[in-house]
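*Asks:* output the structure for:
(one chain, ligands or ions: 2)
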Amino acid sequence: METFKIAVLPGDGIGPEVTREAGKVLQALSELDSTFKYESTEFNWNSEYYLENGRMMPEDGLEQLKTFDSILFGAIGDNRVPDQISIWELIMPIRKNFQQYVNFRPVKLLKGLESPLKNDKPIDFVIIRENGEGEYSNVGGTMFQGEAREMAVQNTIMTRQGVSQITEFAYKYACDHGLNKVTNATKSNAIIHVMKFWDQVVEEVAAKNSDIAYERYYIDALAAYFVQRPESFQVVLASNLFGDILSDLGSAIVGGLGIAPSGNINPSGEFPSMFEAIHGSAPDIAGKEIANPIAQIWSLALMLEHLGRKDLHDKILTAIEALLVEKKVLTPDIGGTATTEQVGDVIVEKLTK
Ligand code: ATP
Ligand code: MG
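*Replies:* Ligands and ions are numbered 1, 2, ... in the order given. Below you'll find the model as predicted:
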């Protein structure tokens, strides 16, 4: 029997608080199910580590992480360290070197939660966001030739390989999960070079998958449809920037940042994938023990599904839904008064039922 090797990077702020609860769930699962074994190793590569060592991780950090099957990541961000450093020296190198070119974000209204939309239809789709190129490139700069001509330029980079591999992933996901529609988020009417190219490559892949319906919307209209008819989507494919914005909107219509999970996936399996809540380190509530751990626990569930244990993923979601339906032990962000730890304890308790 395989023992999964899991690297845990709790990070900053509420990262360690919610990751601790996910760790409890992991341990409970291994106690409940003799066919599931794991070993986890914690790494303290966070802003504190940076302040002591002048870097976000050791020189051989990536080499160390490479030996794991998966990474569970808390959140990073501390007002003593510029975001530029924490993001570009920790998260980005992991995403890029481990070719985690898929950012995977379920938008699913769990039982027991109410959407702020007055919509009684089920919301259940996934956003597949391009995670390695696009609008978030660091190619660009600023020029100062006197105030009147001061300017800044930032380039968007889209490659045929980058666009086609994310599209292939979206179609494979649809196929594997019995879904029959892919929605392309674009803006090729205004961003006439890169987004036209994006559409062209996406549509080449779509044409090879004609058994799955394809539709294309401009990002502005699509944002409105997320609010007006979220039940009509199954798989939404988006570039890096559009996917980022749509995922926050997606999380808002199904319960907020305390709930929303994500995966940074390396589809080939050559390198570990990384799973993390969408939310940041939330310095405003750090240390108060009121952070909602559901987003991180759901992210752990996504990890287990990725590792081939869909049964354990489903078990975790059932436990989370049981807690939400009961409405007794909830953190303040979703209307309760419970602590992070109390919510984690109840989820563990529900697992055993
Ligand atoms: P980042 O730049 O790292 O994404 P951010 O500034 O977007 O950070 P977050 O840390 O995601 O901010 O937090 C945004 C808001 O949501 C904050 O008010 C925070 O308290 C709240 N929040 C985030 N995560 C949680 C959580 N797990 N439970 C409860 N509230 C949360
Ligand atoms: Mg944010």
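*Asks:* make sure S40 is indeed in a strand.
*Replies:* Yes. Membership of S40 in a strand is supported by DSSP: H, G, I helix; E, B strand; the rest coil.
*Asks:* what is the burial count for it?
*Replies:* Look at S40: counted by other Cβ atoms under 10 Å, it has 15 neighbours. Placement of C-beta: from N, CA and C, glycine included.
*Asks:* name the nearest residue to it, sequence neighbours excluded.
*Replies:* Spatial nearest neighbour of S40, chain neighbours left out: I6 (4.4 Å); criterion: Cβ to Cβ, 6 or more residues apart in numbering.
*Asks:* need the contact list for the one you found.
*Replies:* When contacts are counted by Cβ atoms under 8 Å, 6 or more residues apart in numbering, I6 touches L26, Y38, E39, S40, T41, F68, D69, S70, I71, L72, M303.
*Asks:* which among those residues gets closest to S281?
*Replies:* L72 (15.2 Å; Cβ to Cβ).
*Asks:* which element follows the helix or strand the closest one falls within toward the C-terminus?
*Replies:* Assigned by DSSP states H and E, L72 falls within strand 70-75. Using DSSP H and E, the helix or strand that follows strand 70-75 in sequence is helix 83-86.
*Asks:* any idea how far that following helix is from the chain center?
*Replies:* Averaging C-alpha positions (Cα atoms, centre = their mean, to the nearest Å) puts helix 83-86 19 Å from its chain's average.
*Asks:* mean confidence for it?
*Replies:* In this model, helix 83-86 has a mean pLDDT of 88.
*Asks:* follow-up on the earlier one: report the buried residues of the helix or strand harbouring the residue nearest to S40.
*Replies:* I6 belongs to strand 3-11 when assigned by DSSP H and E. Buried residues in strand 3-11, counted by 16 or more other Cβ atoms under 10 Å: F4, I6, A7, V8, L9, P10, G11.
*Asks:* and the residue nearest to F271 when sequence neighbours are not counted, how many neighbours?
*Replies:* Once flanking residues are discounted, F271 sits nearest to F98: 3.6 Å by Cβ to Cβ, 6+ apart. Counted by other Cβ under 10 Å, the residues lying close to F98 total 20.
*Asks:* for N138, report the pLDDT, please.
*Replies:* pLDDT at N138 comes out at 82.
*Asks:* which bits of the stretch 1-150 of the chain sit near ligand 1?
*Replies:* I14, V18, G77 (Cβ under 6 Å from any ligand atom).
*Asks:* try 5 Å this time
*Replies:* Applying Cβ under 5 Å from any ligand atom, we find that the stretch 1-150 of the chain lies next to ligand 1 at G77.
*Asks:* could you pull out the strands for the stretch 1-150 of the chain?
*Replies:* 3-11, 37-42, 70-75, 102-108, 124-130, 140-143 (DSSP state E, counting those that start in this stretch).
*Asks:* compare these and say which comes out lowest on pLDDT.
*Replies:* The weakest mean pLDDT among the strands of the stretch 1-150 of the chain belongs to strand 140-143, with a mean of 92.
*Asks:* enumerate the positions of that strand that are buried.
*Replies:* For strand 140-143, using 16+ other Cβ under 10 Å, no residue counts as buried.
*Asks:* what do you get for stretch 173-186?
*Replies:* Those would be Y173, A174, L179, V182, T183, N184, A185, T186, for stretch 173-186 by 16+ other Cβ under 10 Å.
*Asks:* got the phi and psi for the closest residue to V139 other than its chain neighbours?
*Replies:* Leaving aside its chain neighbours, V139 sits nearest to N155 (4.4 Å; criterion: Cβ to Cβ, 6+ apart). Note on N155: backbone dihedrals following degrees, to the nearest 10 are phi -90, psi 140.
*Asks:* what sits against L90?
*Replies:* Counting by Cβ under 8 Å, 6+ apart, L90 touches W45, M56, M57, I76.
*Asks:* can you name the two of these that sit furthest apart?
*Replies:* M57 and I76 (10.9 Å).
*Asks:* what about the residue lying closest to K327 once chain neighbours are set aside, neighbour count?
*Replies:* Nearest residue to K327 in three dimensions, chain neighbours excluded: G112, at 6.6 Å (Cβ to Cβ, 6+ apart). Applying other Cβ under 10 Å, we find 16 residues neighbouring G112.
*Asks:* which residues does G112 contact?
*Replies:* E321, L323, L324, V325, E326, K327.
*Asks:* go again using 6 Å as the cut-off
*Replies:* For G112, the contact set (Cβ atoms under 6 Å, 6 or more residues apart in numbering) comprises E321, L324, V325.
*Asks:* and what of T186?
*Replies:* Contacts of T186 by Cβ under 6 Å, 6+ apart are M195, D199, R216.
*Asks:* same deal with V235?
*Replies:* V126, A170, A174, L179, V182.
*Asks:* contacts for stretch 258-271, please.
*Replies:* Applying Cβ under 6 Å, 6+ apart, the set of residues contacting stretch 258-271 from outside is 95, 98-100, 102-105, 169, 251, 273-276, 278, 292, 294-295, 298-299, 302, 333.
*Asks:* this completes my enquiry, with thanks.
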